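I would like the atomic coordinates for the input below:
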Amino acid sequence: MTVQSVQKLPLAKAINESLRKALDTDPKVLIMGEDVGKLGGVFRVTDGLQKDFGEERVIDTPLAESGIVGTAIGLALRGYRPVVEIQFDGFVFPAYDQIVTQLAKMHARSLGKIKMPVVIRIPYGGGIGAVEHHSESPEALFAHVAGLKVVSPSNSSDAYWMMQQAIQSDDPVIFFEPKRRYWDKSEVDTEAIPGPLHTARVVREGSDLTLAAYGPMVKVCAEAAAAAAEEGKSLEVVDLRSMSPIDFDTVQTSVEKTRRLVVVHEAPVFYGSGAEIAARITERCFYHLEAPVLRVGGFHAPYPPARLEEEYLPGLDRVLDAVDRSLAY
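Next comes the predicted model:
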C-alpha cells in the first residue's frame, strides 16, 4: 500500500474511478446507457468518461432499456465487455425479458461455449426523496434467476473493487448501487483488493446477535450496533455484499457464535432475500439458534410518496426493535 493509492472518495466517485480504470486497461470495455456520455449520468457517476474515451467507448443510447441490454448481449457475443447503466431501478423492467430469457441463459444454453461478460449497473433503493420507479429495491427478482450474479456494495472501497471484479467476470453481473450512499465518503486503496466478489465480510465484531445486511442497510446496521453497545449489547454486523450467490458460510460462522440473527434490507420482507437467508441459516444452525431468525425490511406495498418514505424504509428504530425481540427469547 502506498499513500498515493489511498484516497477518500464518495461511493459514486469510486465507481467512476473504477470504470475509468477498466476503460483504460481493456479496449473491449464499453459503457452504454441513457445520458451516460455528455451529461455523465443523472448521478454523474460516468462524468468525464466520454470526454476522455470518446463516443465509441461511452455511448449515449435512446430511452429503450430492452434495446440497450439486447445490444449489450450482441456486443458480448462479439468479445466485448459492455457495462450498461439503467438510469433508475424501476426502469429496468422493459429489459427484464432480455435479462432473464437471454442474458442469464446463453451460457447454459450453449453448454458453456458462450460467455456473457455483461455488467448491468442499477442505482436502487430509497432515501433521496424520489417517487416510485426511482426508489425501489427489485434485487430479489434477479437473485432468483439462475445464471445471474447479483451484488451491491455498501462503501466506496467495495464499489471500486467490486466493479473491477464484475467487469472481469465472464458471467453477467447485476450491480445494484445504493443511491442514498452515493455521496458517503470512505477510503479506497486502489492497490489492495479487499476480497473475492461474492464473499461476505464481518464489519463489526459482536457476541450477542448477528445483523446481516447489504448495500444501503449496512450503515444503518452499523449505527444500530453502536447504539446497542451503549446499552451493553454486543452486535455483530455482516455485510453480505452479494445476493447471488450468498456467502452462507460467513453468516453461519457468525450465527453459531451469537446464536441470533436479524436480516435487514430495504426491499419488502415478503419473498425478499432475507427469507432465503432465514431459511438456509435455520437449516444450517437449527441447534445453535436461541431465537427465530427475524427480518426487517420495507412493507409489501408500492413505494410511497416521498414525504412518507421515511415511514416505509427500515431505519434505526425498526432494526433495534427486532434486536430487542430476538434477545427477549
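
all helices for the stretch 201-329 of the chain, in order.
For the stretch 201-329 of the chain, the helices defined by DSSP state H, counting those that start in this stretch cover 217-229, 248-258, 273-285, 309-312, 316-327.

same question, the stretch 1-150 of the chain
Along the stretch 1-150 of the chain, the stretches classed as helices by DSSP H, counting those that start in this stretch are 11-25, 49-53, 65-77, 96-97, 106-109, 139-143.

ok, which of those helices comes nearest P196?
Using CB to CB as the criterion, the shortest distance between P196 and these is 16.4 Å, found for helix 11-25. C-beta coordinates here come from the backbone N, C-alpha and C atoms, glycine included.

packing partners of that closest one?
For helix 11-25, the elements it packs on are strand 29-33, helix 49-53, strand 81-85, helix 156-168, strand 173-178, strand 185-189, judged by 3 or more CB pairs under 8 Å, 6 or more residues apart in numbering; DSSP states H and E.

if we can go back for a sec, using JSON lines, please lay out the helices of the stretch 201-329 of the chain together with mean pLDDT.
JSON lines is the format used below for those (pLDDT from 0 to 100):
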{"stretch": "helix 217-229", "mean pLDDT": "98"}
{"stretch": "helix 248-258", "mean pLDDT": "98"}
{"stretch": "helix 273-285", "mean pLDDT": "98"}
{"stretch": "helix 309-312", "mean pLDDT": "92"}
{"stretch": "helix 316-327", "mean pLDDT": "98"}
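
right, so of those helices, which gets closest to F91?
Go through the helices of the stretch 201-329 of the chain one by one with CB to CB and the one that ends up closest to F91 is helix 309-312, at 18.4 Å.

scan the chain for its longest strand.
The single longest strand within the chain, with elements called by DSSP state E, is strand 261-268.

got the angle between it and strand 173-178?
Using axes from the mean of the first three to the mean of the last three CA atoms, to 10 degrees, one finds that strand 261-268 and strand 173-178 are set 90 degrees apart in direction.

tell me how the protein divides into domains.
Each structural domain of the chain that the record assigns through automatic domain parsing is listed here as a residue range: 7-189, 201-327.

so for G195, which of those sits nearest?
domain 201-327 (6.6 Å).

circling back to that earlier point, starting at the chain centroid, how far to the longest strand of the chain?
Counting by CA atoms, centre = their mean, to the nearest Å, strand 261-268 is centred 13 Å from the centre of its parent chain.

in its sheet, which strands sit next to it, and in what direction?
The strands that strand 261-268 pairs with in its sheet are strand 209-213 (parallel), strand 294-298 (parallel) (by DSSP bridges).

and the angle from the first one to helix 273-285?
Using the same axes, to 10 degrees, the inter-axis angle of strand 209-213 relative to helix 273-285 is 140 degrees.

CA-only coordinates of strand 209-213, as CSV, when you get a sec.
Taking C-alpha atoms only, strand 209-213 is exported to CSV below (Å, rounded to 0.1, in the frame of the first residue of the first chain):
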residue,chain,number,x,y,z
LEU,A,209,-26.6,-11.2,17.9
THR,A,210,-25.8,-11.0,14.2
LEU,A,211,-27.1,-8.3,11.9
ALA,A,212,-26.8,-9.2,8.2
ALA,A,213,-27.4,-6.6,5.5
